[in-house]
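Colleague: need a 3D model of the following:
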Amino acid sequence: MNTRMKIEEIAHGIVEMCRQDHFERALDTYYASDAESVEPSGESRVTKGLDAIRAKGEWWRQNFEVHSLSVEGPFLHGDEAFVIRFTVDMTFKPTGVRSHQDELGLYLVRDGKVFREQFFTGNVT
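Modeller: Predicted coordinates:
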């Protein structure tokens, strides 16, 4: 299998798993153990390691109620990167504040695994 097919397989696999709310399975299947996740803001912008990324996802699930999620893409960039667009209607449970967020995720791939994801937040209402 050539590298181009591998990144397409990874990108489409992550998109499909996100659409089905199988984020943990996507991590287990496609991420390197030393992957890092970078958020656009916050006190813990960079999360390093698969276990820490899982913990970040668990915190998110505990603190947000998702009313709807749209996953678009993937948009491929050569053999090493792709982008996914997420549009989320959600409520922050501790405050009850409902918001809509438009976010892009940039995924970098090396040796057949995602080694870095970086998120860019657009419109938040």
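Colleague: now do the phi/psi pair for Tyr107.
Modeller: phi -120, psi 130 (degrees, to the nearest 10).
Colleague: which residues are in contact with the nearest residue to Leu69 once chain neighbours are set aside?
Modeller: Excluding its sequence neighbours, the residue lying closest to Leu69 (C-beta to C-beta, 6 or more residues apart in numbering) is Val88, at 5.3 Å. The C-beta positions use only the backbone N, C-alpha and C, and glycine is treated the same way. By C-beta atoms under 8 Å, 6 or more residues apart in numbering, the residues touching Val88 are Val66, Ser68, Leu69, Ser70, His100, Gln101, Glu103.
Colleague: ditto for Ser44
Modeller: Lys56.
Colleague: what strand or helix carries the one residue sitting closest to the centre of the chain?
Modeller: With distances taken as C-alpha atoms, centre = their mean, Gly105 lies nearest the centre of the chain, 5.8 Å away. Taking DSSP states H and E as the criterion, Gly105 maps to strand 97-110.
Colleague: show me what that strand is packed against.
Modeller: Helices and strands touching strand 97-110, by 3 or more C-beta pairs under 8 Å, 6 or more residues apart in numbering; DSSP states H and E, are helix 3-19, strand 81-92, strand 113-124.
Colleague: how many neighbours does Gly42 have?
Modeller: 7 (other C-beta atoms under 10 Å).
Colleague: what of Leu27?
Modeller: 20.
Colleague: which residues are contacting the helix or strand harbouring it?
Modeller: Element membership of Leu27, judged by DSSP H and E, is helix 23-30. Contacts of helix 23-30 with the rest of the structure, by C-beta under 8 Å, 6+ apart, involve Ile10, Gly13, Ile14, Met17, Cys18, Leu50, Ile53, Arg54, Gly57, Lys113, Val114.
Colleague: and Ser99, how far is that from Ile53?
Modeller: Counting by C-beta to C-beta, to the nearest Å, the separation of Ser99 from Ile53 is 23 Å.
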